[in-house]
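Peer 1: mind looking at a prediction? Sequence and model below.
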Amino acid sequence: MKTGNRDIVKGKVYTLSIEKVSIRALIMIIPILIIYALPFYLIWGTNVLTALRFRSILFLILFIVFGIAIHELLHGIVWAIFAKKGSHRHFRHD
């Protein structure tokens, strides 16, 4: 059952702060990187950045920044399409 922005499961309210979510995400990144990077290294004998031959760290940073912007823009578009009352009205800050 949902009420507002909180999930109620068996009578208990479960919420996480943004700090806890961020820490958990950073912790989960480590095994995910190992799962993908280790086989790549074992197959190709080099790391991903060397294999892609990025000549400039600036290019890499710009690529990531624009990728994040496009990714979030897609989230916003889908949210706006499927939100019943408009995209900005569904966010509640407690």
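Peer 2: Arrived safely, thanks for sending.

Peer 1: now the strands for this protein?
Peer 2: Assigned by DSSP state E, the chain shows strands spanning 2-3, 6-9, 12-14.

Peer 1: could you tell me the least trusted of these?
Peer 2: When the strands of the chain are compared by mean pLDDT, strand 2-3 comes last with a mean of 52.

Peer 1: which residues does Asn47 contact?
Peer 2: For Asn47, the contact set (C-beta atoms under 8 Å, 6 or more residues apart in numbering) comprises Ala37, Phe40, Tyr41. (C-beta placed from N, C-alpha, C; glycine too.)

Peer 1: mind checking which of the residues you listed are buried?
Peer 2: Among those, not one is classed as buried by 16 or more other C-beta atoms under 10 Å.

Peer 1: now the protein, which segments are flagged as low pLDDT?
Peer 2: Judged by pLDDT under 70, the chain has its weakly predicted residues at 1-11, 48-49, 51-57, 84-94.

Peer 1: now do Ile81 against Phe66, distance only.
Peer 2: Distance of Ile81 to Phe66, given as C-beta to C-beta, to the nearest Å: 23 Å.

Peer 1: and the protein, what are its domains?
Peer 2: 1-53, 54-94 (automatic domain parsing).

Peer 1: what is the neighbour count of Leu60?
Peer 2: Using other C-beta atoms under 10 Å, Leu60 is surrounded by 13 other residues.

Peer 1: for Ile18, list the residues it contacts.
Peer 2: Ile18 touches nothing, counting by C-beta under 8 Å, 6+ apart.

Peer 1: that one and Arg24, how far apart?
Peer 2: Using C-beta to C-beta, Ile18 is found at 11 Å from Arg24.

Peer 1: now Leu73
Peer 2: From Leu73 to Arg24 the distance is 25 Å (C-beta to C-beta).

Peer 1: got it, and Ile30?
Peer 2: Taking C-beta to C-beta as the measure, Ile30 and Arg24 are separated by 12 Å.

Peer 1: try Ala80
Peer 2: Distance from Ala80 to Arg24, counting by C-beta to C-beta: 28 Å.
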